[in-house]
Structures are given as structure tokens and as C-alpha cells.
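[1] here is a sequence with its predicted model. Questions after.
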Amino acid sequence: MSKRRNTLLSWLLIVFVLILVAAAAVYVMWPQLQPHASLRIGDGVFKARVAKTPKELEKGLSGTSKLREDQAMLFVFGHDEKWSIWMKEMNYPIDIVWLDKDKKVVHIVKNAAPESYPYESFTPNEDARFVVEFPAGTVSKKTITIGKQAAFDENNIEGLKL
């Protein structure tokens, strides 16, 4: 009976370790499983989280604590429009860049402050297909200007479906 019990405990331990390894792997790989793109614009290259669904587009960066200098949020809209951006539940200022369907910069707002919500939303003068949010100061540091061409790798813009 003791030998059988030891064998059972050994198997349970093995299963437990395998579950821990799997959980750690998912934790480490989670950002790569989410929709993302490598975004190049001005003098910068950014790791961009992608928002495409209505829920993701509405939430954006709301509730996040910060973006690193090499990070951005890319909003992908299904058609061209003058998409407004608000600062609801934002905790830090950002630069906002609107891109047309050809990924050319058509409008820029620098240093949009969290305190602007609910009094102000930011709207471009021209229709856009994409909006990119960066940490405040990025537009100036990376020489992002109206007319600049952006490029992003759309290989994982849909994300990996588990």
C-alpha cells in the first residue's frame, strides 16, 4: 500500500509541476499572444498593442499606469472618419497621432492631459483610419510630423486565438 501511495504522490507532484510550467509559459508569452504590431514612424520604432474590437477601441489605455518609451497603442478602425479620442480613466499624459488609410500622419495632439476628461475630446481635422497613442513627448523626440509616413507590421494584428 505504501508503494502505491508513493507512486500516486509522485504522479500528483509531476502533474502539479507541469501545470506550474504551463502557467509560467502562458504568463511569459501572453503579450505575444495578444494583437500587436511593430510600428515605425519618425525616428522611432515602437511595440504597439492593437485595439480593433469596439470594446478595445473604447477602453484604449484607460486604467493603465504608464507606457514605456518604446511602447504605443494602435487603434485600427474599419473605415475612415474623424475619430475622437477622450482621456477617460487615463493616469498620464499622451501624444496622439491620427493616420489616414495610407498610414500617413494627418493630425497630431501633443501632451493630452488626463484632466481634460470629460470637458474635452480630441478630434482631427481630416478623416483617419488609425490612431496611435504614445507617451507624452514622443512626437517631439521622434520627429513625428504631419505628412510623415508610418509603417507597421500587421502579421499579428489579429492576435493568436487560443
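    Yep, that arrived.
[2] so the residue most central in space within the chain: helix, strand or coil?
    The centroid of the chain falls nearest to Arg49 when counting by Cα atoms, centre = their mean (2.1 Å). Under DSSP: H, G, I helix; E, B strand; the rest coil, Arg49 falls in the strand class.
[3] my read: it touches Phe75, true?
    No - between Arg49 and Phe75 there is no contact under Cβ atoms under 8 Å: 9.8 Å. All C-beta atoms are positioned from the backbone trio N, CA, C, and that covers glycine.
[4] wait, Ser84 touches Thr123, no?
    Yes - under the criterion of Cβ under 8 Å, Ser84 makes contact with Thr123 at 4.4 Å.
[5] could you look up the SS state of Trp11?
    helix.
[6] the helices in this protein, which residues?
    Counting by DSSP state H, the segments of the chain that form helices are 2-33, 54-59, 138-141.
[7] measure Met87 to Asn111 for me?
    To Asn111, Met87 is 11 Å away according to Cβ to Cβ, to the nearest Å.
[8] who's more crowded, the two?
    Met87 (24 against 12; other Cβ atoms under 10 Å).
[9] identify the residues contacting the nearest residue in space to that one that is not next to it in sequence.
    Of all residues not flanking Met87 in the chain, Tyr117 sits nearest, at 4.1 Å (Cβ to Cβ, 6 or more residues apart in numbering). Tyr117 makes contact with 86-90, according to Cβ atoms under 8 Å, 6 or more residues apart in numbering.
[10] how does the protein divide into domains?
    If you go by automatic domain parsing, the domain ranges for the chain are 1-33, 36-152.
[11] show me what contacts the closest residue to Asp43 other than its chain neighbours?
    Excluding the flanking residues, the one nearest Asp43 by Cβ to Cβ, 6+ apart is Lys142, at 4.7 Å. By Cβ under 8 Å, 6+ apart, the residues touching Lys142 are 41-44.
[12] right, I'll call it a day here.
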